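Participant: 3D, please:
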Amino acid sequence: MIDKTAYSEYVNKTVPKTQELKTLLTAFITGGIICMIGEGILDLYTATLPMLAQEEIATLTTITLIFIGGFLTALGLYDKLGTIIPITGFANSIVSPAIEFNREGVFQGVMSKMFDIAGPVIVSGVTLSAIVGIIFYLIEVFA
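Facilitator: Modelled structure (predicted):
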């Protein structure tokens, strides 16, 4: 049996070293570019659809970013970006398994595997939203 010190030394020798500064800079730049794209889409919608309220424009922007994330995943480009931004990453987590299991057919593959990763997030979000909504409703009624 190997002791903890020897194992730690072995792990330190074999694990590849990360370049933290490079990783941080890449994440900062990539995240910043995605945010700039989002702001550009928001500005475009604001300029071209002045009749919409700001909340509606923000919703359109969110939908557009989700679509772009899913589309880039379908083209095989999303993983090359190396991002895990929540809004586009959510689209990636739905589209990626759907593409992977496409060969098994629409029902057995795409529809059954599409929510393997995102399903628990959706269920948790809906459930917690309902619980919070009930709590706020009860506070309003009994306050």
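Participant: drop to CA atoms for contacts and neighbour counts, all remaining ones
Facilitator: OK.
Participant: got the residue ranges for the helices in this structure?
Facilitator: 4-14, 20-48, 54-74, 78-81, 86-100, 112-113, 119-142 (DSSP state H).
Participant: From the centroid of the chain, which residue is nearest?
Facilitator: Nearest to the geometric centre of the chain sits residue 89, at 2.3 Å (C-alpha atoms, centre = their mean).
Participant: isn't that one right up against residue 68?
Facilitator: No. Judged on C-alpha atoms under 8 Å, residue 89 makes no contact with residue 68 at a distance of 10.5 Å.
Participant: Need the overlap of contacts for these two.
Facilitator: Shared contacts of residue 89 and residue 68 (C-alpha atoms under 8 Å, 6 or more residues apart in numbering): none.
Participant: low-scoring stretches of this structure, by residue?
Facilitator: When residues are selected by pLDDT under 70, those of the chain lie in 1, 84, 102, 105-111, 114, 117.
Participant: could you redo the last one with a cut-off of 80?
Facilitator: Within the chain, the stretches with pLDDT under 80 are 1-2, 18, 79-123, 143.
Participant: ok, now how distant is the closest residue to residue 46 other than its chain neighbours from residue 88?
Facilitator: Once flanking residues are discounted, residue 46 sits nearest to residue 57: 6.6 Å by C-alpha to C-alpha, 6 or more residues apart in numbering. As judged by C-alpha to C-alpha, to the nearest Å, residue 57 and residue 88 stand 18 Å apart.
Participant: In terms of neighbours, single out the busier of those two.
Facilitator: Taking neighbours as other C-alpha atoms under 10 Å, residue 57 and residue 88 compare with residue 88 leading, 24 against 20.
Participant: and that one, what is it in contact with?
Facilitator: Residues near residue 88 by C-alpha under 8 Å, 6+ apart: 65, 66, 68, 69, 70.
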